[in-house]
Each structure stands twice: as structure tokens, then as C-alpha cells.
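A.B. asks: How does the following fold in three dimensions:
(chains A and B)
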Amino acid sequence: MSSPALEVAGLNKRFGGLPATRNVSLSVMPGERRLIIGPNGAGKTTLFNLVTGDLTADAGSVRLFGQELLGMPTQDRVHLGLARTYQILTLFPRERLVHNVVLSLLGLDVRRWNPWSILTRNRDLYERAHEALERVGLGDSAERIVVETSYGERRRLELAMALAQKPKVLLLDEPLAGLSQGERQTVRALLDTIPRDVTIVMIEHDMDTALGFAERITLLHYGEVIVEGTRAEVVADPRTREVYLGD
Amino acid sequence: MTRPAAVALAVCIAVLLVLPWIIGNEFYINMATQVLIYALFALSINMMLGYGGMVSLGHASYLGIAGYACILATIAGYDQLTAAIFAVTLSTAAAAFFGVLSLRAPGLGFIMITLALGQIVWGVAYRANDLTGGDNGIRHPARPMPFGFDIRDAASFYYFTLVVFAVALFFIWRFSRSPFGASLMGARDQPRRMRMLGHNVWLVRLITFVMAGFWGSVASVLYVYYNLFLSPHAISLQQSAEILLMAILGGASSLTGPIVGAAIITLIKNVVSTYVERWNTLLGVIFVVVIVFMPYGLVPGCKQLWMRLRSRKDKAAATVVTEPAR
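C.D. replies: This is a model prediction of the structure:
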């Protein structure tokens, strides 16, 4: 059996007196699609923030392909193959879409240290950025400014920025949030095209769309892992009904 | 570059080149030199302010460190070139140290640390009588003779300053268009996102801090050559604030803004002050008016105004054309 792509063990985080993450352990195998569900305030996004390093964990361990991430700056974790999208859009609103993706590509390119060359003359970066935008169906919008685009388009831009980096482990924080039914299907179809060499952990509320996507599901409640298992197991578990499906 | 921009650039270069002939008067040629020196100060602080969103109130400390180092090394008997290189190197190294200290705190903390560092340099210059001459200041022996050229008269020194300024402007322009510049601006707008994209935000900011310190130090050496004198008054908090105001007044988000801001403030300080006693008040009024009506500064504000006027003119032209149809 191969080692997990992402392994979280005994992870703890408190905000003052409030425990946000309590002894969370989970391991995601390479190529797996993992869904993380739980009611509001269950600590789903906090878990992502601990994995990426936006927050500092109090205790525990997070391993990416066996390498310990805790104590490592966020940008170094990204260089190891970690990428994420944000639930609350975090883009560069006054820039063109293509520039957003170029910034993403630069993040893993040594040219980001170059204070002398003219950025727009780095044709290959722009070609790759265009490819990434085409992949999410934004090829024609590359030259538009982010504030001129629709919310759905921005969601897809978030995805393009993450995918452009060719991550090994991709964390998606509610990629369908705020989208219309039609847009959901588009994004969902897009997620299906991501190759299996990318491991995906996704937080999502839209069960109809998300359930079909994931092989395994982890249910968080008050910062704790309540249930974990295959789709059928978790849906059938009475505790899931209790805390999540509101039965 | 678009054609109007290229034409504008060519006109600017031509005007700057023939400026001493147009002016003729030595006082005003010196004024133009001062504008260039302050423009370089403002451009250097703007690398941090405009592109990095880092507000520094300690930029005059480079004038202190590089300025005194240059004068003292020259007095100690080193040749001018060695003294200048020593001064800029020392001051840039100090910028690295200051940067590490200042970048520990974001936002307001950053401003306060730069301010404190600036005050420390000022205090040392003020107290170290034996070295700096204290309040009386210290004289620089003479202007250098770069490549055997005599730059003692106003016009030659203007050209010397213009060459240094042009080189600096070119480097800073490239910087603003470079991948590094893009990372810096990204870090200004979305630091958290930039980290998540693999950028080392702290190091990007530190390098910018050092680069700004370097060009500030170059401007400082020019300042010493121009005045042939340095005293603690020149490196006070007011100096730092003025440099900052130049960049803000002209427009920190643009490359030309700090130059325009430096020109306006320097001219008001030196020219208008001979006619208007309360020139400081005038400066304050101008600043308030500009910020109220053009919150992003003069250059971006005028650009916006120009666009609006043009679109109105286009609309007016369009109505004239359609009128016969009515």
C-alpha cells in the first residue's frame, strides 16, 4: 500500500477558549477525491487553513507525501505541490484574468525574482496562462478585468489559478458556492476532467453535486471528525443524519 | 509603448536636454537639479509606497548614512569614487538591516519603526559632534570630476544629475514592469493569496526595501555633491515626510507621479517662497485640494480627468453628427 498524499494526525487548534479543530486525523490516498462536510462552524475551512499554513496549529502533524508541513511557511508548502481555492474569492480584482493566472504561474517559477525583464515579454507564461483559462472555459475572457466578470467566472478563475500550478494535492473550499444550477454543472464537469494524479480534498455544502464526486467523505462537527467512510457508509450513518441532514 | 506616449517621452527628453539653455539663469538651473535629486528620492520611496504599499517615514536616514559616509570618506582622503561607492554600499546595507526590523510589523507598526529608525540616525548625527559636526553640519570638500569632466558649474552638474537620474529612472521603470514588480504589487493587494501561490511575500518586501534604500542612497550622494554640505536638519523627520508627500501628491500608483510631486514641492519651497511668505501654508492648501479632488494624486487624477473630458467631447461630436437626422 502506498503512503497517503495528505495525512493529518492529532491536529488541534484553539481560538482563545474555543476549540476550532479537535484532534483531527485523516489520511487521503494519492488520486483520491475526498469530501469534507459539516455544518457551519464545524471547522472545515480552519482545517484547510492549518494545512496551508494560513493558521498555525497548536499540536499535531500534517504530512504531504510523508513530509511534515507544520512549521513550514505557506509558500514552501505550495512548492511541494499544495494548492487551494478560497471560499471567499481572493483574486486581484483590478487586473486582467490572464494576469491573475500569470501571478499563479510565477509563484513556482524562479523568474518571479527578476526585477529587470519585462513581464509581458515572457510569452511562455502567457501561453500557459491562456491554456489554463481555456481549460476552465475562460479562454475568450483572458483580457478582461476581474471586476468586469461575473461571480461564476471568478469562481472558475480561482480554479484556473490553482490548476495552472499543476498541484499534487488540491484543496477546494466550496468551489460551487453561490453558483447557479447551470454553473454548478459546468464546474462539476470541470472537476471531473482533473486527472487522477491530482489528489483532491473538497469542502462542499451542495450534497447533490458533491456526493457523486467523492469516494470518501469526512464529517466534521464542532472541530471533530464524527464519521468517516465511503459515500454510502457516511450517508447511512445515523450520526450524519443527526448533525448534518437535520433529521 | 503607444505612439502618443513615445512622442511625450521624446519631448520630455528633448526639454530636459536643452533646459539649461532655455533657462539660462544659474539659480533656476540649480532648481532643476534639485528637482531631479528630489524626484529620485521620491521615486525610490515610491518603490515601497506605490508598488509595495509600504509607507516609510524614515527615508531621510539614507541621506544621513550615505551623506555623512561620503563626506567623511572623502575627508579621510579616499578618492571621490571610492567614497561614493562606500557611502552607497554602507547605506544599502543599513537599508537591509532597517528592512528586517521594520518588516516585523505590518501597517502602522511598520510606519512607526521606520520613523524611529530615521529619528535614531538623526539623533546620532546631531550628537556625534566629532564626526558630523553636530548641529553646525559638515562640508563636503569638493564635487568630483567624473571621467575628467568638470561639474562645478550649475549646467554641467545639472547634466551629471540628469544622467544619474535617467539611469535610475530606467531601472525603476523596468522594475515596475518586471515579474518581481508584479509579485510585489500582488503582495500589496493580496498578501495571503500570494503566499498560497508560492511567493515569499516577506522576502519580496525586504528586497524592495533594500532597492529603495539603494536608490535613496544614490540620491543622497547627489544631494551632498549639490549642496556640498550636510547637517542634521537635512535628515530630520520633516525631510522624510516631504519625500513621502512628493510621491503621494504626484500619485504613488504611477511612475511619473513622484517626479511631478517632487517638481511641485521643490519649486514651491524654493521659488514661491521668495514671493509668498506663507509658502508652507500654500503647500498645505495645495496638498489638501489635490487629495480631496484627486485622491490618487495628480498624475492619475489628471489622466482620469483627461479621459472624462475626451469621452464627453466624443459624445458631443457624436450628437453634432446625428443632429441633422433629427
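A.B. asks: Residue B:47 reaches residue B:175, doesn't it?
C.D. replies: Yes: assessed by CB atoms under 8 Å, residue B:47 is found in contact with residue B:175 at 6.7 Å. (Glycine included, C-beta is placed from N, CA and C.)
A.B. asks: which residues do the two both contact?
C.D. replies: Taking CB atoms under 8 Å, 6 or more residues apart in numbering or on different chains as the criterion, residue B:47 and residue B:175 both touch residue B:211.
A.B. asks: more neighbours, these two?
C.D. replies: residue B:47 (26 against 20; other CB atoms under 10 Å in any protein chain shown).
A.B. asks: what about the more buried one, which SS state?
C.D. replies: helix (DSSP: H, G, I helix; E, B strand; the rest coil).
A.B. asks: sec struct for the closest residue to it other than its chain neighbours, please.
C.D. replies: The shortest distance from residue B:47 to any non-neighbouring residue, by CB to CB, 6 or more residues apart in numbering or on different chains, is to residue B:212 (4.4 Å). Look at residue B:212: counting by three-state DSSP, its state is helix.
A.B. asks: Report the next helix or strand after whichever helix or strand residue B:157 is part of in sequence order.
C.D. replies: Counting by DSSP states H and E, the element that carries residue B:157 is helix B:154-177. Once helix B:154-177 ends, the next helix or strand along the chain (criterion: DSSP H and E) is helix B:179-189.
A.B. asks: Can you name the residues that contact residue 200?
C.D. replies: The chain I'm using is chain A. By CB under 8 Å, 6+ apart, the residues touching residue A:200 are A:32, A:33, A:34, A:169, A:170, A:171, A:172, A:191, A:194.
A.B. asks: ah, no, chain B please
C.D. replies: So residue B:200 contacts A:73, A:75 (CB under 8 Å, 6+ apart).
A.B. asks: between the contacts of residue A:200, which has the most around it?
C.D. replies: Ranked by neighbour count (other CB under 10 Å), the contacts of residue A:200 have residue A:172 at the top, with 28 neighbours.
A.B. asks: My reading is that that residue is in a strand; is that accurate?
C.D. replies: Yes: judged by three-state DSSP, residue A:172 forms part of a strand.
A.B. asks: model confidence over stretch B:221-231, on average?
C.D. replies: Taken as a whole, stretch B:221-231 has a mean pLDDT of 96.
A.B. asks: contacts for that stretch?
C.D. replies: Contacts to stretch B:221-231, defined as CB under 8 Å, 6+ apart, come from residues B:30, B:33-34, B:36-37, B:40, B:63, B:66-68, B:70-71, B:84, B:87-88, B:132-133, B:135-140, B:142-144, B:151, B:157, B:160-161, B:164, B:234.
A.B. asks: One more: stretch A:66-82?
C.D. replies: Here stretch A:66-82 has contacts from A:3, A:7, A:51-54, A:57, A:60-65, A:107-108, A:165, A:167-169, A:171, B:195-201, using CB under 8 Å, 6+ apart.
A.B. asks: so which helix or strand takes in residue B:220?
C.D. replies: Judged by DSSP H and E, residue B:220 forms part of helix B:201-227.
A.B. asks: for chain B, what are the nearby residues on chain A?
C.D. replies: Contact residues, chain A versus chain B (CB under 8 Å from any CB of the partner chain): A:52-54, A:73-75, A:78-79, A:83-84, A:86, A:90-92, A:94, A:99, A:102-104, A:106-109, A:111-120, A:122, A:161, A:165.
A.B. asks: if we can go back for a sec, can you say which of the contacts of stretch A:66-82 are buried?
C.D. replies: By neighbour count, with 16 or more other CB atoms under 10 Å in any protein chain shown, these hold A:7, A:51-54, A:57, A:60, A:62-65, A:107-108, A:165, A:167-169, A:171, B:195-201 as buried.
A.B. asks: Quick one: residues contacting the residue nearest to residue B:208 when sequence neighbours are not counted.
C.D. replies: Excluding the flanking residues, the one nearest residue B:208 by CB to CB, 6+ apart is residue B:52, at 5.0 Å. Contacts for residue B:52 (CB under 8 Å, 6+ apart) come out as B:184, B:185, B:187, B:188, B:205, B:208.
A.B. asks: rerun at 6 Å
C.D. replies: By CB atoms under 6 Å, 6 or more residues apart in numbering or on different chains, the contact list for residue B:52 reads B:184, B:188, B:205, B:208.
A.B. asks: show me where pLDDT drops low in the chain?
C.D. replies: Picked chain A for this. A:1, A:244-247 (pLDDT under 70).
A.B. asks: hmm, I had chain B in mind actually
C.D. replies: The model of chain B has pLDDT under 70 over residues B:1, B:318-326.
A.B. asks: all strands for it, in order.
C.D. replies: B:138-139, B:229-230 (DSSP state E).
A.B. asks: Residue in chain B with the shortest distance to chain A?
C.D. replies: Of all residues in chain B, residue B:198 sits closest to chain A, at 3.1 Å by CB to the nearest CB.
A.B. asks: Wait, that residue touches residue A:107, no?
C.D. replies: Yes: under the criterion of CB atoms under 6 Å, residue B:198 makes contact with residue A:107 at 3.1 Å.
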